[in-house]
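Visitor: no letters, just coordinates:
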Ligand code: DX5
Ligand code: ZN
């Protein structure tokens, strides 16, 4: 696997041309397709749900990285697994029985991720980190695309890297929110391995070239 993996977020796609945008991602250097599900409760916004995920899955040739910004996501894990999710990420703040939720995701044959809001310390994952396939560091407050990256979250990426290393965990570190050419280098240096990018990709004149550029940006500049 060559890091960073790039996971463009469909939240910033044109919902009236979703098939076109998914096919663009299929042809691009994107590694995963990030699917942001919002319930209007855990976050103040409503995005889309199961039928859209199923429809995207009919056209996507890349793994669906489903980010559940919903309360008690355990109610919907099986349905999202059936709708095509490869990675199912739940929020630490939304799960009263997180250990069980992670087991449920694995029992469904999916990779399991836990997302942390900007104010939630990385150390809260210490008893669970060896069970995880992914830690998602939110670098904005979840709920909306196009927000500004919160600089303090950069140190959480290196804290996650240290915790993963200490515990011998296999978890990948994903960063979501305000990611673009201006911070990709710092994020990768801090330990980010999967970069979610919504507006940076879809607001660009050439989304496919932007995905390629994000993937290559962290390479050291030639002398
Ligand atoms: C925010 C979502 C993000 C969002 C990122 O709640 O989880 O995935 O789409 O959008 P940008 O890249 O525009 O910040
Ligand atoms: Zn997301």
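Guide: Cool, got the structure. Just so you know, these numbers come straight off a predicted model, no measurement behind them. Numbers count the residues shown, from 1 in each chain. Ligands and ions are numbered 1, 2, ... in the order given.
Visitor: only C-alpha atoms from now on, for both contacts and neighbour counts.
Guide: Will do.
Visitor: what's the distance between residue 128 and residue 120?
Guide: Distance of residue 128 to residue 120, computed by CA to CA, to the nearest Å: 15 Å.
Visitor: residue 182 too?
Guide: Taking CA to CA, one finds residue 182 at 24 Å from residue 120.
Visitor: do residue 145 as well
Guide: 20 Å.
Visitor: so for these two, which residue has more residues nearby?
Guide: residue 145 (20 against 15; other CA atoms under 10 Å).
Visitor: so what pLDDT did that one get?
Guide: On pLDDT, residue 145 comes in at 98.
Visitor: what does residue 44 give?
Guide: 98.
Visitor: residue 220 too?
Guide: On pLDDT, residue 220 comes in at 57.
Visitor: number the chain from 4, please
Guide: Shifting the count to begin at 4 puts that one at residue 223.
Visitor: how about stretch 192-211: buried residues?
Guide: Using 16 or more other CA atoms under 10 Å as the test for burial, stretch 192-211 gives 193-205, 210-211.
Visitor: same check, this time on stretch 121-135
Guide: 121, 125, 128, 132, 134-135.
Visitor: among those residues, which one lies nearest to residue 158?
Guide: Of all the buried residues of stretch 121-135, residue 158 sits closest to residue 125, with 9.9 Å by CA to CA.
Visitor: so who does that closest one touch?
Guide: 119, 159, 162-163 (CA atoms under 8 Å, 6 or more residues apart in numbering).
Visitor: point out the ones among those that are inside helices.
Guide: In helices, defined here by DSSP state H, the members of the contacts of residue 125 are 159, 162-163.
Visitor: name the member of these with the most neighbours.
Guide: residue 163 (26 neighbours).
Visitor: so that residue sits right up against residue 178, yeah?
Guide: No. Judged on CA atoms under 8 Å, residue 163 makes no contact with residue 178 at a distance of 11.0 Å.
Visitor: quickly note the distance from residue 94 to ligand 1.
Guide: 11 Å (CA to the nearest ligand atom, to the nearest Å).
Visitor: also residue 80?
Guide: The spacing between residue 80 and ligand 1, counted by CA to the nearest ligand atom, is 17 Å.
Visitor: swap in residue 208?
Guide: Where ligand 1 is concerned, residue 208 sits at a distance of 15 Å (CA to the nearest ligand atom).
Visitor: name the SS class of that residue, please.
Guide: Here residue 208 is coil, with the state taken from DSSP: H, G, I helix; E, B strand; the rest coil.
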